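A.B. asks: sequence plus the predicted model coming up.
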Amino acid sequence: MHTRKLTLLEKIGYGSGDAAVNVVISAMFLIISFFYTDIFGLDPKHMGIMFLLVRFLDAVTDPLMGIITDKVETRFGRYRPWFLWLAIPFGISVFLTFSTPDFDYNLKLVYAYSTYILVTLMFTAVTIPYISLISVLTENPQERLSANGYRLFFAKVAAFAVSIVVPILAESWGKGDMARGYQLAMGVMAVAGTLLFLFCFATTTERVEYHVDKKPFLTQVGLLLRNDQWMVLGAVCIVGTIGYVLRNSVAAYYAKYFLGGDAKLISTFLGTGVAAAILAMVASTWITKYYCKIKMFRYTQLAVFVLSVIMYFAVQPGDVALALVLYFLISFIVDLHAPVFWSAIAEAVDYGHAKTGRRVAGLAFGLISFCQKAGMGIAGFGVGTLLAHYGFVANQEQTPYALKGIALMLCVFPGLFHAGMGGLMFLFKITDQYYNDLKEGRISGLKTITELKHAEESMPHSDHPESF
C-alpha cells in the first residue's frame, strides 16, 4: 500500500490543477452570464436556452470521459497525460469564449454556441481526470485529506483572481471597449490555466494502481442506480449547484444595478463572496475535526436559506455595506460543505463497492460531474428566463420590478435550493461513524473495503472482459 507522505511540491502541484479548472468554472459561475448580456450583447432568453441545450451534450461526454479514463493508460499514468495533451486546447477555448466578434446578431449567436460547446468539451476532458487523480497519488487517507486542502485553497485563489482581477482589468485594458477588455483579461486567465495544468502534470506522480473492472456501460449504470447513497449525492449536486450558480451568476447584476456600483464595486462584491469561501475551507477543516461532517453539511445549508431571506428583506437598493456583510456570511456558510461533498463521493463509491461487490469509480465521478453541469444548465436557463421575465434590459436603468427580480435571484431563490440540498442530506447515512464501521466490517450484509481490495488483487485480469 502506497502510504508514504506526499511532498509539499506535489501537494502544490495537485492544487494547481484545481486552480486551472477554476479559471473556467469561476468564470462560468461569476462572469459569463453578465458577459453574455452586458458585453457580448445576447438576449437573456437566448442565453438561457443556450446554457440549457449545451448541458445535454454533457449527458454523453461526462460519462464517456469517465469510461475513457478507465480504459486509457500510458507510461505517464491514467489521468495525468490529459493535462499535458489538452492544456493548450483548454486555454484556447477559454480565450475564444470570451472574445466578441464583430458579426450581426445571428452570427454572434452561432459563435457563442460554438465556443461555449468547445469550452464545455475541454472542461470535461480535463476535469474528469483531475477529480480522479487523488485516488492514484496515495492511499493514505490523511495525505489525501491534506492534498484536498491544498486543492480547495488553490481553487478559491483562482476564483478570487477571476472575480477581483477580471472586471478591473477589463475596464482598464478595454479603454472604453469592454469587449476587448474582457477578451484580454480572460486571455491572461487562459494562459494561467494552461501553465497550471502543465505544472500539475510535471509535479505529480501516479503511484497507486487500481484494478479496473471493465464492465459494460449499462452494467456500470445499473450498479450506480443500486447505490442509494451515490443517488442521494447526485440529487444533492444538482439541487445545490442550481442554487449556487443562480446566486453567483446574478452577483454582478446585483452589484451593478441593485447596489448602483461600477466595475470596482462589482469586483469587490464578487471578491467578497470568494474570500468568504476561502475562509470556509479553513473553517470546515477545523470544524470537522470535532463535529460530524455530514451533520455540518445538513444544518449549514438550512442556515443559508434563513440568511438569504434576511438579506432580501434587509438590504435596500444602494445599501452597499449591509449587502457586503450579509453576502459574506452567506458565502462563508454555503461553502463549509465543499470539502465534505467531495469526500462523501469517494465514500459513497466505497459503500457501493461493499454493497454490490463491484466497484464503479470512473463513471461515478463522471456522472457527478454531469450532475454538476446539469445544475449549471438549469440555473443558466433560469437566470436568462427570469431576467427576461422581470424586464431586465442590459446597460440601462432598471425598473423597480427588475430590481426586485435581481434581489430575489440573489437571495430567496438560491436559498430555497440550498434548503432542499440540506434536506436531501438527511437521506445520506454515511456519517463518520458509519464509514468507520464499514471499514471495520461492522455493517450487517456488507463486506469490508479491505476484503474487497484483496479479492480484486487476487483476481486474474482475464476475468474482466472488455466492454466493447
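C.D. replies: Nice, thanks for sending it over.
A.B. asks: now do the helices in the stretch 351-468 of the chain.
C.D. replies: Assigned by DSSP state H, counting those that start in this stretch, the helices in the stretch 351-468 of the chain fall at 362-389, 400-410, 412-424, 432-439, 449-458.
A.B. asks: shaky segments in the stretch 151-300 of the chain?
C.D. replies: 210-214 (pLDDT under 70).
A.B. asks: ok so, going back, now render the helices of the stretch 351-468 of the chain as TSV, adding mean neighbour count and mean pLDDT.
C.D. replies: Where you see a C-beta, it was placed from the backbone N, CA and C, and this is true even at glycine. Output for the helices of the stretch 351-468 of the chain, formatted as TSV (neighbours: other Cβ atoms under 10 Å; pLDDT from 0 to 100):
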stretch	mean neighbour count	mean pLDDT
helix 362-389	24	88
helix 400-410	20	97
helix 412-424	22	97
helix 432-439	16	78
helix 449-458	13	52
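A.B. asks: nearest to G243 among those helices would be which one?
C.D. replies: Closest to G243 of the helices of the stretch 351-468 of the chain, according to Cβ to Cβ: helix 412-424, at 3.0 Å.
A.B. asks: just give me how far that closest one sits from the chain centre.
C.D. replies: Offset of helix 412-424 from its chain centre (Cα atoms, centre = their mean, to the nearest Å): 17 Å.
A.B. asks: and what of stretch 399-407?
C.D. replies: The chain centroid and the centroid of stretch 399-407 are separated by 28 Å under Cα atoms, centre = their mean.
A.B. asks: which residues are in contact with it?
C.D. replies: With contact meaning Cβ atoms under 8 Å, 6 or more residues apart in numbering, stretch 399-407 is reached by 250, 253-254, 257-258, 312, 315, 317, 386-387, 389-393, 398.
A.B. asks: what about dumping the CA coordinates of that stretch to CSV?
C.D. replies: Below are the C-alpha coordinates for stretch 399-407, written out as CSV (Å, rounded to 0.1, in the frame of the first residue of the first chain):
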residue,chain,number,x,y,z
THR,A,399,-37.4,49.3,-13.3
PRO,A,400,-38.3,48.6,-9.6
TYR,A,401,-39.8,45.2,-10.8
ALA,A,402,-36.5,44.3,-12.4
LEU,A,403,-34.6,45.2,-9.3
LYS,A,404,-36.9,43.1,-7.2
GLY,A,405,-36.3,40.2,-9.5
ILE,A,406,-32.5,40.6,-9.3
ALA,A,407,-32.7,40.7,-5.5
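A.B. asks: could you find the closest non-adjacent residue to A252?
C.D. replies: Distances taken as Cβ to Cβ, 6 or more residues apart in numbering put F34 closest to A252, at 3.9 Å, once the chain neighbours are dropped.
A.B. asks: what's the spacing between the one you found and K256?
C.D. replies: 8 Å (Cβ to Cβ, to the nearest Å).
A.B. asks: do T124 as well
C.D. replies: Counting by Cβ to Cβ, the gap from T124 to K256 is 31 Å.
A.B. asks: hang on, V94 packs against N22?
C.D. replies: No: with contact defined as Cβ atoms under 8 Å, V94 does not reach N22; the gap is 11.6 Å.
A.B. asks: want to throw the helices of the stretch 351-468 of the chain into CSV with distance to M50?
C.D. replies: Converted to CSV, the helices of the stretch 351-468 of the chain look like this (distance: least, Cβ to Cβ, whole Å):
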stretch, distance to M50
helix 362-389, 8
helix 400-410, 18
helix 412-424, 21
helix 432-439, 41
helix 449-458, 43
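A.B. asks: for those helices, which one sits closest to Y182?
C.D. replies: helix 362-389 (18.1 Å).
A.B. asks: which strands and helices lie in contact with the closest one?
C.D. replies: helix 32-34, helix 44-71, helix 105-137, helix 217-226, helix 228-253, helix 338-356, helix 400-410 (3 or more Cβ pairs under 8 Å, 6 or more residues apart in numbering; DSSP states H and E).
A.B. asks: between these, which gets nearest to M376?
C.D. replies: helix 228-253 (5.2 Å).
A.B. asks: rewinding a little: report the buried members of the contacts of stretch 399-407.
C.D. replies: Buried subset of the contacts of stretch 399-407 (neighbour count, 16 or more other Cβ atoms under 10 Å): V250, Y253, Y254, Y257, F258, Y312, V315, L386, L387, Y390, F392, Q398.
A.B. asks: residue contacts, the fifth one?
C.D. replies: Meaning F258. Here F258 is in contact with P317, A323, L403, I406, A407, L410 (Cβ under 8 Å, 6+ apart).
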